[in-house]
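Colleague: Sequence and predicted model, in that order:
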Amino acid sequence: MENVNSSELTLLEKVVNIKRVAKVVKGGRNFSFNALVVVGDGAGRVGFGLGKAREVVDAITKGTEIAKRSLKRYPITRNSIPHQVIGKFGAGKVILRPATPGTGIIAGGAVRAVLESLGVRDVLCKSLGSANHINVLKATFVALGKLYDANRMARKRGMSVHELLHMPKREKFHA
């Protein structure tokens, strides 16, 4: 959890998981490390990377570089997400629901790291199925990819936001 200056942009890095893996070869085992890293600007952009190297520091560095290249923008409405979404990846399933202001991030592990880096402050989450960090993280990104904001949906349907939300048009005040 450190801030990194990159091209006039402050990014928040979070290491979600580090694990030691082994490749069995003729002469024995070759050990290396996997680092799962989430990077976000706290204002609607987030990405993740999986770095692999023989040293932990090198794996985290590689994961961070990959995460910075994979940054994408997702809609945020009043410090929460616009609507409920479900994301599935492999055996992992993540349900994200908007929450009222002041609720906080009710999530754990990989999902919490993604939502904090994204800049979401109020959201409810339930992770079902696999507890594998990579599957849960990717399921979270699948769910975030399904989010629509009202402006984008109205443009897609060729109508105004007021028509989309079934709100009466504002009439101008005449004195």
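Modeller: Everything's here; your move.
Colleague: quick one: low-confidence parts of this protein?
Modeller: Within the chain, the stretches with pLDDT under 70 are 1-9, 169-175.
Colleague: Pretty sure residue 101 sits in a strand.
Modeller: No: checked against DSSP: H, G, I helix; E, B strand; the rest coil, residue 101 lies outside a strand; its state is coil.
Colleague: can you offset everything so residue one is 394?
Modeller: Yes, from this point I'll number from 394; that puts the last item at residue 494.
Colleague: Dihedrals phi and psi, it?
Modeller: Taking degrees, to the nearest 10, you get phi -60, psi 140 for the backbone angles of residue 494.
Colleague: mind listing what it touches?
Modeller: 471, 472, 473, 514, 515 (Cβ atoms under 8 Å, 6 or more residues apart in numbering). C-beta: built from backbone N, CA, C; applies to glycine.
Colleague: same thing with residue 557?
Modeller: Taking Cβ under 8 Å, 6+ apart as the test, what residue 557 contacts is 543, 546, 547, 550.
Colleague: Contact partners for residue 463?
Modeller: So residue 463 contacts 440, 441, 442 (Cβ under 8 Å, 6+ apart).
Colleague: Out of those, the closest to residue 560 would be?
Modeller: For the contacts of residue 463, the minimum distance to residue 560 (Cβ to Cβ) is 34.6 Å, reached by residue 440.
Colleague: Let me have the contacts of residue 494 in a markdown table, extended by distance to residue 459.
Modeller: Listed next are the contacts of residue 494 as a markdown table, based on distance: Cβ to Cβ, whole Å:
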| residue | distance to residue 459 |
| --- | --- |
| 471 | 31 |
| 472 | 28 |
| 473 | 28 |
| 514 | 26 |
| 515 | 29 |
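Colleague: Just the buried ones from the residues you listed, in ChimeraX syntax?
Modeller: Applying 16 or more other Cβ atoms under 10 Å to those leaves a buried subset, and the ChimeraX line that selects it is:
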select :473,514,515
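Colleague: Report the two of the contacts of residue 494 separated the most.
Modeller: Greatest spatial distance among the contacts of residue 494 (Cβ to Cβ): 471 and 514, at 9.2 Å.
Colleague: so what's the residue most central in space within the chain up against?
Modeller: In the chain, the centroid-proximal residue (Cα atoms, centre = their mean) is residue 507; its distance is 3.7 Å. The neighbourhood of residue 507, defined by Cβ under 8 Å, 6+ apart, consists of 431, 433, 439, 441, 530, 533, 534, 537.
Colleague: Among the contacts of residue 494, which lie within helices?
Modeller: Cross-referencing the contacts of residue 494 against helices under DSSP state H gives no overlap.
Colleague: The contacts of residue 494 in strands, which ones?
Modeller: Among the contacts of residue 494, no member falls in strands (criterion: DSSP state E).
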